[in-house]
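S.K.: Just need the structure, nothing else, for what follows:
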Amino acid sequence: VWTKTEETTFLDFLLQTHPTSGDGGFKAPTFNQAYVHLKIKHLHQRSAEKVGTLCKNKWTLASYQSVVEIKYTSGFTWSDDHGAGITDKKDDIWTHFIKIRHHNRLHAYPFTDIVFSHILM
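M.R.: So this is what the prediction gives:
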């Protein structure tokens, strides 16, 4: 479980190291450094430590793209505090959205009622 403060620290670290990441994005050593950075900044992390592999897999491009699609799809009311606010996953609009975006559906499900508050970073 990540706190919003931990997520912000992680993203700030990635933004600071981005110029040195090279072509193709961040590599394993960057995520391992992020782990050390998080461990120093957050001495009392909730649940498991945020080791390099957890940092690497925190978000994917598909997750980000799913949030952007949800945010700009007619019929949804995205809130950075409440996510898509979908309480009935059998809702016609949600069902249609998942059906036509089947390639990203697994990445979209978590954001029905969970926020991605760093979308503007």
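
S.K.: From residue 50, how far out is the residue sitting nearest the centre point of the chain?
M.R.: The centre of the chain sits closest to residue 59, judged by Cα atoms, centre = their mean, with a distance of 4.1 Å. Remark: distance between residue 59 and residue 50 (Cβ to Cβ, to the nearest Å) = 13 Å. Where you see a C-beta, it was placed from the backbone N, CA and C, and this is true even at glycine.

S.K.: circling back to that earlier point, what about the residue nearest to the centre of the chain, which SS state?
M.R.: Following DSSP: H, G, I helix; E, B strand; the rest coil, residue 59 is assigned to coil.

S.K.: Buried residues of stretch 26-36, list them for me.
M.R.: The neighbour-count check on stretch 26-36 (16 or more other Cβ atoms under 10 Å) flags 26, 30-31, 34-35 as buried.

S.K.: Could you check how far the residue nearest to the centre of the chain is from residue 16?
M.R.: In terms of Cβ to Cβ, residue 59 sits 17 Å off from residue 16.

S.K.: Also residue 42?
M.R.: In terms of Cβ to Cβ, residue 42 sits 16 Å off from residue 16.

S.K.: which stretches of this protein have low pLDDT?
M.R.: 19, 21-22, 24, 47, 60-62, 80, 82, 88-90, 101-121 (pLDDT under 70).

S.K.: Swap in 50 and give it another go.
M.R.: 121 (pLDDT under 50).

S.K.: residue ranges of the helices in it, please?
M.R.: 4-17, 28-41, 52-56, 61-72, 92-100, 105-108 (DSSP state H).

S.K.: and residue 54, what is it in contact with?
M.R.: 35, 48 (Cβ atoms under 8 Å, 6 or more residues apart in numbering).

S.K.: my guess is residue 5 contacts residue 45, does it?
M.R.: No: using Cβ atoms under 8 Å, residue 5 is not in contact with residue 45, being 10.2 Å away.

S.K.: quick one: residue 50 and residue 3 touch, right?
M.R.: No: if you go by Cβ under 8 Å, residue 50 and residue 3 don't touch, sitting 10.4 Å apart.

S.K.: And the two? Which one has more around it.
M.R.: residue 50 (23 against 11; other Cβ atoms under 10 Å).
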